[in-house]
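> Here is a sequence with its predicted model. Questions after.
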Amino acid sequence: MSAMENDQAPWDMSRRGFLKGVGTGAVATGLMQGATDAEAASALRSGKPVGPGAVPITLNVNGTHRWLNAEPSVTLLDALRNRLDTTGCKKVCDRGTCGACTVMLDGDVVYSCSVLAIEAQGRKIVTAEGLGTPEAMSAVQESFVENDALQCGFCTPGFVVATTAFVRDHPNATLEEVREGMGGNLCRCGTYVGITKVAYDLAKKGDA
């Protein structure tokens with residue numbers, strides 16, 4: 001064998017060999033990701049400290065498992081918006097008072113700015129995107145449009161999530177119950193009349 005052949009030999013690879021190598025690497029990467037996710041979840045359950053650097057986190061968002069690396073201090077809101085491009089929940093007050101970041105966590109309404117992403121692992125997260133689409137809106141979304149229950153629309157996703165949960169949990173709610181139940185969300189445009197009508201009418205129908 002010539003010197004040139006010796007120089008080229010290490011780089012010679014068939015298509016089958018290349019694909020086999022890529023496949024092996026992908027499987028190994030997947031196994032490593034699964035292992036690190038499991039380790040992080042196990043450490044969290046045991047109460048052992050994690051971080052301060054980024055750790056692997058797995059979130060169930062609208063029925064789909066999503067993976068990211070984030071510091072333990074990252075909120076669910078920032079993880080959804082900045083890491084997973086799920087932007088329905090809005091960052092406004094960032095202190096759990098306005099409700100623009102409202103999502104459902106295992107069916108319960110929460111402010112995602114007040115929950116750490118790492119704490120949401122293993123729980124079902126539902127955002128406004130998971131309730132319907134422009135082509136197939138939920139009953140609440142359709143009623144928001146019909147009742148003109150929005151102006152700028154910035155608070156609307158949080159209101160839609162909160163209203164969906166309220167209607168589900170409070171059939172035949174009175175007007176006063178609607179006002180109290182929806183009090184955790186603020187609308188700077190003042191569209192409360194329309195929003196209240198949405199929640200009141202749908203609670204009477206038992207339709208979310």
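Thanks, I have the structure now.

> List the beta-bridge partners for the most centrally placed residue in the chain.
Closest residue to the average C-alpha location of the chain: residue 61 at 4.5 Å, with Cα atoms, centre = their mean. Residues in a beta bridge with residue 61, per DSSP bridges, are residue 64, residue 125.

> can you pull the contacts of it?
Going by Cβ atoms under 8 Å, 6 or more residues apart in numbering, residue 61 touches 80, 84, 86, 125, 127, 130. For every residue, glycine as well, the C-beta is placed using N, CA and C.

> what about the fourth one, how many residues close to it?
It refers to residue 125. If you count neighbours by other Cβ atoms under 10 Å, residue 125 ends up with 28.

> For the helix or strand residue 145 falls within, buried residues please.
Using DSSP states H and E, the element containing residue 145 is helix 139-146. Under the neighbour-count criterion of 16 or more other Cβ atoms under 10 Å, helix 139-146 has 139-141, 143-144 buried.

> for stretch 53-66, same thing?
55-62, 66.

> re the thing from before, list just the nearest of the contacts of residue 61 to residue 148.
Compare each of the contacts of residue 61 with residue 148 using Cβ to Cβ and the shortest gap goes to residue 127, at 23.1 Å.

> The closest one touches residue 88, doesn't it?
Yes. Between residue 127 and residue 88 there is a contact under Cβ atoms under 8 Å: 4.7 Å.

> More neighbours: which of these two?
residue 127 (25 against 21).

> How is this structure divided into domains?
Using automatic domain parsing, the domain parsing of the chain gives 6-130, 139-205.

> Look up which helix or strand the nearest residue to residue 202 once chain neighbours are set aside falls in, please.
Leaving aside its chain neighbours, residue 202 sits nearest to residue 167 (4.6 Å; criterion: Cβ to Cβ, 6 or more residues apart in numbering). According to DSSP H and E, residue 167 maps onto helix 156-169.

> For the helix or strand just after that helix, buried residues please.
Tracing the chain past helix 156-169, the next element assigned as helix or strand by DSSP H and E is helix 175-181. Across helix 175-181, burial judged by 16+ other Cβ under 10 Å covers 178, 181.

> distance between the helix or strand following helix 175-181 and the chain's centre?
With elements assigned by DSSP H and E, the helix or strand that comes after helix 175-181 is helix 192-205. Centre-to-centre, helix 192-205 and its host chain are 25 Å apart (Cα atoms, centre = their mean, to the nearest Å).

> So for helix 192-205, what gets flagged as buried?
In terms of neighbour count (16+ other Cβ under 10 Å), helix 192-205 has its buried residues at 194-203.

> Between which two of these is the distance greatest?
Pairwise distances across these peak at 15.0 Å for 194 and 203 (criterion: Cβ to Cβ).

> List of residues touching stretch 199-208?
With Cβ under 8 Å, 6+ apart, stretch 199-208 has contacts from 138-140, 143, 163-164, 166-168, 170-173, 175, 178, 181-182.

> wait, which of the contacts of residue 61 is closest to residue 157?
Nearest to residue 157 among these: residue 127, at 7.3 Å, using Cβ to Cβ.
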